[in-house]
Structure formats: C-alpha cells, structure tokens
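**Q** dropping a prediction and its sequence here:
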Amino acid sequence: MKSGGLIAILLGILTVVLVVIGTIWPGQTAVALAGGATLTHSSTTPEGAVQNLATAIGRRDWGQAYSSLANKGEFSQEDFLRDLTGSYESLRTYATLDGYDVRPLHQSDSDANVQLRLHWSTVVGVFNDSRDLHVVRNGGRWQVDWPLVKEQRVPPQVIPVNYLRWDVIYRGASDDWGAQDVEAPHVRIVDMHPVDRAEGVVIMGELLNEDVVPAYVSVRATLLGKDGSTIASEGSFDKISHILLPKQVTPFFIQFHNVMLSQVSSVRMDPLSELVPASADPVIEIQNQKMNPAPGATLTGQVVDQSGEIVNVAHVLGTFYDKTGQLVWVGDTYVDRALQPSIPENFSIPIPEDLARKVSTERAVVATYRVGGPQ
Amino acid sequence: MRRSPLLLSLLTAAVPLAVAQSGSLTVPKMVTAGSAFSIQTSGSGQATLYIMGTDDVLKRDVQLGQPVSIAADTVNHAGHYLVVLTGGGTDTEQFDVQPANRPATVAFLARPSRLSTGLHNGITGAVYVFDPYGNLITNPTSVYFQLSGTGGPEQSRTVQTHDGAAWTQMDSSTKEGAAKFTARAGDVSSTRVIQQVPGDPCGLRMTAKRDNKGIQLQTDPLKDCSGNPVPDGTVVTFTESYYGLQTTVDVPLKRGVAQAEVPAHPGATISAATGVVMGNEIHWGGNE
C-alpha cells in the first residue's frame, strides 16, 4: 500500500478515536453550557465562583446566576438580565455564550479580583464582554460582586420628527410592455484599492449614490487571471452599508481567500443598485472618533441616535486613509446594544497593526437596522 | 405484380395535369391585413380550400368555378400564406399579407425615466408602430415626438419610421420636474413621464451657532448649478475635528437645508460635504 493511503487510514482511525473520547468524556465547560449538568465548579475558590456564574449565564439560568451573587441586594434580577441581554432587542438579546475566560488578577484571604471575558456568539460574529469582578469570601464560599452596568433609559416623552420617506411604485404586470420601470439608482465606485494580505487578496473601495433616490447597494468583484480566466468572484456581503441615501458614500470590503495579488491580471467590479423604499431617519452621530495606535490599534468612538426611534442594531464601518488620501483599510464592527435616542454607545473597530501606522485620517459611517427590516 | 419504375414516374407526372383540368386557383399576390378579398377558382364540382399562414388556418368548402370571398377581419396577421385547393386533385398558390397602414398602437420606450437637468441628448425615445391587428407597420410612417411640461422650452421633432421603428434624442431641461414625453403616430399616441432632477449641489455653505447643547450647524438652501433646489433626503456630512478626535454625522436635507448638532470644542475645525462636493470650513473659536 502507498504511504498516502496509510496516512489517510491512520487519520481516519484517529478521528474516530477522538470523537469517541469527546462523546464519553466531554469537556466540563461544554457540558455545562449545553445544559447537560448542574454547576461543575466548586465555589471554594474565586475562580470557581466566577466559573459557576459564567456557566449559569451560558445556560441562561438567570435565577441561578443572580442568586449566586454577593451584591444581589443592590439590584433586581431584571436589572441583571437587562445588563446582560439589553433592554431593547439587540444583538445581545439573541446572542448565545460561546465560551468564557477567567483570569485571576489579585487575591487575598477575604477578597479577590478576577477578570471574566464572555465570548458571545451572534449572527454577525462574536463579540466579547469583559468584566473585572470583585469576588468576596462569605464563610466557606466565594461569591461575585457583579459590576452592574445600568443601561440608561430615555424618559417617556414625545420626540417630533420631520419624517422623510421614499416609497416606490414598480412596473405592474398589466402595464404596456413599452412602459419603463422606475430607473435604478445611479451609483458609482469612487475609489477602489486591491491589497495583498496573508489571508488572500482584499478589494476595498467606496461607493457613491449619485442619484436623488435611495438605493439598496452591493458590490461584486471578479478577479481575472493573466489568461483572462476567472479566478474567483465574491460579493461585499455585510462589509458595506446596503442602504444609501442620495449623495451618501459607503466603504466596501471584499475578501478573496487563498488568492495572491500576483496571480491577478485585472479586477472586474460590478456595483449593483436597486430602488427601494427607505426612510431618511434615523440620523446617527459618531462622536469622539479616535485612532488608537498599535499595539491593539483601533478606531474608537461613540454612536448617538439623534432621532426618536430605537435602533436595534448599529453597524459601524470605518474607512482609513494615508497622508495622500489613498484608501488603506476598511474595517467594521457591530454595536451589541440597541441605540436609544441621545444615549451614546461605544464602538471599537480593530485595525491591522501593520496598516495602522499608515493611517492618517478616517471616516466612519453607520448602517442601522430595526427589528422587522433594514431602516 | 411488378411495375417498372418508368411507368410509376409517368403516372406521378400525369396527376397534376389531371388536377389542373378539375380545378385551379387565382389569388391576389398581396393582401392588406384585415381586408376582404376573393380567390378565383376554375373547374367544376366540389372542393376544399385551405389558407395557411403562420398564425391562421382557414378551411372552406367551395364550388369550383365560383369565387371564394374572404370577409374583412378574417386574415389579420401579416406574413406569407399558402392556399391549397383539394378535390380530385390538389392545386397550391401563395400570397402575402401586409400590415394595414393605419397606426393603432405605438409601443414607446423612453429612457431613462429619471436623469439630471441640462443633459444634451440625454433622453432617448424609440417607437414601434403597430396596426389594429398587432402587425408592425413596415411602411414609412411619420412619428411626432414631443417633450414638454417643466417650464423650459418645448422640444419636438418628426421622424419617419424605418422598418417599423423610429427613434429620437432630446435634451433634458435646465429646470427640474416631471416632463411629459409623447410619441404620436396618426391618431394614436403614448406618453411617458421623465423625471428631470437637480444635478450635484453647486456650492455648499454652512453656518455654525452656539446653543445650549453644543454647536448648531445649518447649511444654506442647497441648489444645483442651474438654480434648482437639491431634493430633500440628499445627505450632507458634517465633520468636526478637535484635539485629534473627530465627530461626524450624515444628515439628510429636510426642507432644503441640513441641520446637525455637534459638541462644542474650542479650536475645532468643522467642515461639510455632500457626495464629492466639499463645502466651507469653520474654525470654532469658542462662541461663534
């Protein structure tokens, strides 16, 4: 038998063995998060108490998590729940705990500081929630003082809004065949820049809606080889603000895995636009944008809803330029809490460290989504 | 019994001769769609007449020697037809049906349905002219195009169809609004609406005023280079830069102006832009 076949058989046997081991003796965290057992750690250590709390949160056993806290007299279980899942529907509401890390920071006989990093899984990726917990000793047990982040609430009020909206009547089946449908919005790619990264080729750019009507937009890029053949074709997916109001600009980001720029002869760009009903509200202000240099380079700031409606999900896209105004990078992040009128929410967009040094200016835009549909 | 091939060939050749003696056809070479016409037959006795086109097949029992009348609105589709007379023998003739020279429908394609003001030859209209039976009229027909209704000068021209189609180009008006684009052939017409919209803003100017919460920014009413107001909903981006930080907000025009409020930071630089058009810059001194 050839050596390749032997290796394949060995790998197959090894996979089966590992599956059997994982089934018979699963990891404690996995079992606990899956609801397959009760709390699996002892509260006789600060780390154990934090792990128990994280496990209960992961199982959405809010009663168990709340009752394990040392400072539960300071707030209600509903406050605790709102802290973790948000007051209004948001990414947090539908997130599931994918895992957690516990890192001891300090410990004495009576108290300890432990960092808990919760990794929440959502439809748009993972977001992390880091809390520095104070853990206190009560008799023989350790209990967590939960640092409640109380969401600000907008007091009941009426917020008048000059509502501006576009509705569309499309061509009907009974219309004369010569009757034209409403014209698709005119959009234009105003900037495009391919970059070679370790993961593959990245196509970044900016798209302008130069029309007077709103547009639903997306961009598709096709890489062509030196012989004119198609290497790969990808869309911008969620790395774009899909609804563009008149004269609005969005960055876009398209990634091609396992393709080198040296293989590419040319790139065909296909911007797509459709006329859709849309609203000019909400208006989102992005305050205090700040470039934080490497290591851990980020663009941070706060988004503020200046309108009167709740925004369930806010998607912040950052465009980064060098000193000559050349596009360097496009990054994005989602805000995990709902935006309430006039209440700032923090965001942080990571920037690759090798590119962060080149960034001179940046521009951020926000795409918003409400429960029931975009905008 | 075995027949020789020569005998079979002679019999086959004799059959059409026998038919010609029993009945034959005389048909017009050209007929107008929907019109009445007649087919002359000769001979005696009964026969069956078939008229076959691409869309129609007619069957008539006929008395040979009598003309066969085809009533109006019977043969309506333009094209090539085959006439077959059978009865003791077979005779075949052909004729063509041409479209009626009476426009009944104009299929009007106007593009685009929305465009900027002041574009030379920006609007295209193409017309196909059909008769009452849906046949494309291929004879040259006059089509009158007219673009009107935005307050600008009316544009019109007459174009002859070529192979059933006529087309023209028009300039978009310098004044925004919905224009009526009409094509007329004979007594029939078709109208499309062309939305003429303002172009890019021509000059963007904003002012800043201190209020209780921060700085109130407001643009002057935005207009394009022809003086048309830029439509509400157009986004203006305000950017405030201060101490290495930045605040931006995309605001849609409402009632012709864009308004936003940004935090007050002494020494801040505030700029405005819409699309690729930059506006003025304001250096915020502290009060105004």
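**A** Right, received. Where do you want to start? Numbering: from 1, shown residues only, chains lettered A, B, ... in the order given.

**Q** wait, B:F145 sits on B:R157?
**A** Yes - counting by C-beta atoms under 8 Å, B:R157 is a contact partner of B:F145 at 5.6 Å. For the C-beta atoms, the positions are set from N, CA and C on the backbone; glycine is no exception.

**Q** how about stretch A:232-240 and chain B, any contact?
**A** No - using C-beta under 8 Å from any C-beta of the partner chain, stretch A:232-240 stays clear of chain B, with a minimum separation of 15.0 Å.

**Q** end-to-end on that stretch?
**A** 20 Å (C-alpha to C-alpha, to the nearest Å).

**Q** ok, which stretches of the stretch 51-200 of chain B are strands?
**A** For the stretch 51-200 of chain B, applying DSSP state E, counting those that start in this stretch gives strands covering B:57-63, B:68-70, B:79-86, B:90-98, B:105-111, B:114-116, B:123-130, B:142-148, B:155-160, B:165-170, B:177-185, B:188-197.

**Q** the third one versus strand B:57-63: what angle between them?
**A** If I follow you right, that is strand B:79-86. Interaxial angle of strand B:79-86 relative to strand B:57-63 (axes from the mean of the first three to the mean of the last three C-alpha atoms, to 10 degrees): 40 degrees.

**Q** name the helices or strands packed onto strand B:79-86?
**A** Packing contacts for strand B:79-86, counted by 3 or more C-beta pairs under 8 Å, 6 or more residues apart in numbering or on different chains; DSSP states H and E, involve strand B:23-26, strand B:46-52, strand B:90-98.

**Q** hmm, who's touching the shortest one?
**A** Residues from elsewhere that reach strand B:23-26, judged by C-beta atoms under 8 Å, 6 or more residues apart in numbering or on different chains: B:39-45, B:47, B:64, B:83, B:85, B:87-89, B:91-93.

**Q** list only those of the residues you listed flagged as buried.
**A** Using 16 or more other C-beta atoms under 10 Å in any protein chain shown as the burial test, the contacts of strand B:23-26 include B:39, B:41-43, B:47, B:64, B:83, B:85, B:87, B:89, B:91, B:93 as buried.

**Q** Serialize the residues you listed to CSV and add fields for pLDDT and distance to A:T324.
**A** Formatted as CSV, the entries for those read as follows, by pLDDT from 0 to 100; distance: C-beta to C-beta, whole Å:
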residue, pLDDT, distance to A:T324
B:I39, 94, 83
B:T41, 90, 89
B:S42, 88, 93
B:G43, 86, 94
B:A47, 92, 90
B:L64, 90, 94
B:V83, 95, 80
B:L85, 93, 86
B:G87, 83, 91
B:G89, 82, 91
B:D91, 91, 86
B:E93, 95, 81
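
**Q** among those, which two are most distant?
**A** B:I39 and B:G89 (16.7 Å; C-beta to C-beta).

**Q** is A:V304 located within a strand, as I assumed?
**A** Yes - assessed by DSSP: H, G, I helix; E, B strand; the rest coil, A:V304 belongs to a strand.

**Q** count of residues packed around it?
**A** For A:V304, the count of nearby residues is 23 (other C-beta atoms under 10 Å in any protein chain shown).

**Q** tell me the confidence at it?
**A** Model confidence at A:V304, given as pLDDT, is 95.

**Q** near chain B, which residues of chain A? Just list them.
**A** So chain A meets chain B at A:162, A:164, A:166, A:176-183, A:190, A:208, A:210-214, A:245-249, A:280, A:283-291, A:301, A:306, A:362-366 (C-beta under 8 Å from any C-beta).

**Q** make it 7 Å
**A** A:162, A:164, A:166, A:177-178, A:180, A:182-183, A:190, A:208, A:210, A:212, A:245-248, A:280, A:283, A:285-290, A:363-365 (C-beta under 7 Å from any C-beta of the partner chain).

**Q** now a PyMOL select for only the buried ones of these.
**A** Only the buried entries of these go into this PyMOL selection, using 16+ other C-beta under 10 Å:
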select buried, chain A and resi 164+166+178+180+182+183+208+210+212+245+246+247+248+280+283+285+286+287+288+289+363+364+365
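
**Q** filter the residues of chain A next to chain B down to the ones in strands?
**A** The members of these that map onto strands under DSSP state E are A:166, A:190, A:208, A:285-290, A:363-365.

**Q** looking at those, spot the one nearest B:P221.
**A** A:W166 (20.5 Å).

**Q** right, and the closest one touches A:A280 too?
**A** No - contact criterion C-beta atoms under 7 Å: A:W166 and A:A280 do not qualify, at 8.3 Å.

**Q** spatially central residue in chain B, please.
**A** With distances taken as C-alpha atoms, centre = their mean, chain B has B:L109 as the residue nearest its mean C-alpha position (1.4 Å).

**Q** and the pLDDT at it?
**A** 93.

**Q** can you name the residues bridging to it?
**A** Beta-bridge pairing for B:L109 (DSSP bridges): B:A126.

**Q** B:S190 versus the residue in the stretch 101-250 of chain A that chain B sits nearest to, what's the distance?
**A** Nearest residue of the stretch 101-250 of chain A to chain B, counting by C-beta to the nearest C-beta: A:K247, 3.7 Å away. Distance, A:K247 to B:S190, using C-beta to C-beta, to the nearest Å: 34 Å.

**Q** joint contacts of B:F145 and B:R157?
**A** The contact sets of B:F145 and B:R157 overlap at B:T168 (C-beta atoms under 7 Å, 6 or more residues apart in numbering or on different chains).

**Q** which one's more surrounded, the two?
**A** B:F145 (24 against 13).

**Q** what's near enough to touch that one?
**A** B:125, B:156-157, B:159, B:168, B:183.

**Q** name the nearest residue to it, sequence neighbours excluded.
**A** B:T168 (4.8 Å; C-beta to C-beta, 6 or more residues apart in numbering or on different chains).

**Q** so how far is A:D270 from that neighbour?
**A** From B:T168 to A:D270 the distance is 31 Å (C-beta to C-beta).

**Q** so for the two, which sits in the more crowded spot?
**A** Neighbours were tallied for B:T168 and for A:D270 using other C-beta under 10 Å; the higher tally belongs to B:T168 (21 against 12).

**Q** in this structure the more buried one contacts B:V159, no?
**A** Yes - if you go by C-beta under 7 Å, B:T168 and B:V159 touch, sitting 5.4 Å apart.

**Q** now for the helix or strand hosting A:V202, which elements pack on it?
**A** Assigned by DSSP states H and E, A:V202 falls within strand A:200-209. Contact partners of strand A:200-209 among helices and strands, from 3 or more C-beta pairs under 7 Å, 6 or more residues apart in numbering or on different chains; DSSP states H and E: strand A:187-197, strand A:215-224, strand A:249-257, strand A:327-335.

**Q** what's near enough to touch B:P140?
**A** B:160-161.

**Q** one more pass at 8 Å, please.
**A** Contacts for B:P140 (C-beta under 8 Å, 6+ apart) come out as B:160-162.

**Q** between the residues you listed, which sits nearest chain A?
**A** B:T161 (14.8 Å).

**Q** so that closest one sits against B:F130, correct?
**A** No - in this structure B:T161 lies outside contact range of B:F130 using C-beta under 8 Å: 10.9 Å.

**Q** between those two, what contacts are shared?
**A** What both B:T161 and B:F130 touch, as defined by C-beta under 8 Å, 6+ apart, is the set B:I137.

**Q** those two - which one has more neighbours?
**A** More crowded of B:T161 and B:F130, by other C-beta under 10 Å: B:T161, with 22 against 19.
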